[in-house]
Structure formats: C-alpha cells, structure tokens
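[1] sequence first, then the predicted structure, then my questions.
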Amino acid sequence: MLFFRSEDAVRQWCSENGQPMRPVVGMEQLWSLAAAWYSNRLASDYRRPKPAEVVEMLKRLGFVEDFWDPTSESFS
C-alpha cells in the first residue's frame, strides 16, 4: 500500500514507474474498510468470511470495481 497526497500524485507515480492506475482509496474509505474487516476478528466464534460475504461488504462500503472482487480475474 502506498500513500499519496492526491490522485494527481498517484497518476504521476504510475506514469514514472510504468504501473497501471488502480482504484484510489481515500483515508475515510480505508478506515471504513478496516473497521468492517476487523470488527469481529477477536470473537471466539470468528470465521474467515466467504468470498460472497467479502463481495457484499466491499460493495456496501463503495468498493465496486472488479479490482475489489475476489472472484474476478480483472483489474479493470
């Protein structure tokens, strides 16, 4: 994970390093993802979420591109 000041800085870094643009995540959205992902990790009955549950959680948080779909083979 890399942190940048702006989306323009991400574009510049990708261009300079020959990397394709991937989805850009703001700090608020990242915090929401972390809070949802780790919310029940310490529960005694914790189990790893199934791919469909991960997809639903990510969609609920606004991560809708194929990049975020654990069943997708695409980064587009």
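    Sure thing, it's come through. Just so you know, these numbers come straight off a predicted model, no measurement behind them. Residues are numbered from 1 along each chain as shown.
[2] residue contacts, the most centrally placed residue in the chain?
    Central residue of the chain (Cα atoms, centre = their mean): Trp68, 5.8 Å from the mean position. Applying Cβ atoms under 8 Å, 6 or more residues apart in numbering to Trp68 gives the contacts 23, 58. Every C-beta, even on glycine, is put in place using the N, C-alpha and C of the backbone.
[3] what ranges do the helices span in this protein?
    Along the chain, the segments classed as helices by DSSP state H run 7-17, 27-38, 51-60.
[4] out of these, which is the most enclosed?
    Among the helices of the chain, the stretch with the highest mean neighbour count (mean count of other Cβ atoms under 10 Å) is helix 51-60, at a mean of 14.
[5] what's it in contact with?
    Identification of contacts with helix 51-60 by Cβ under 8 Å, 6+ apart yields 33, 36-37, 49, 64, 68-71.
[6] redo the helices of the chain as JSON lines? Include mean pLDDT and distance to Asp45.
    Compiled in JSON lines, these are given as follows (pLDDT from 0 to 100; distance: least, Cβ to Cβ, whole Å):
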{"stretch": "helix 7-17", "mean pLDDT": "97", "distance to Asp45": "39"}
{"stretch": "helix 27-38", "mean pLDDT": "94", "distance to Asp45": "15"}
{"stretch": "helix 51-60", "mean pLDDT": "91", "distance to Asp45": "15"}
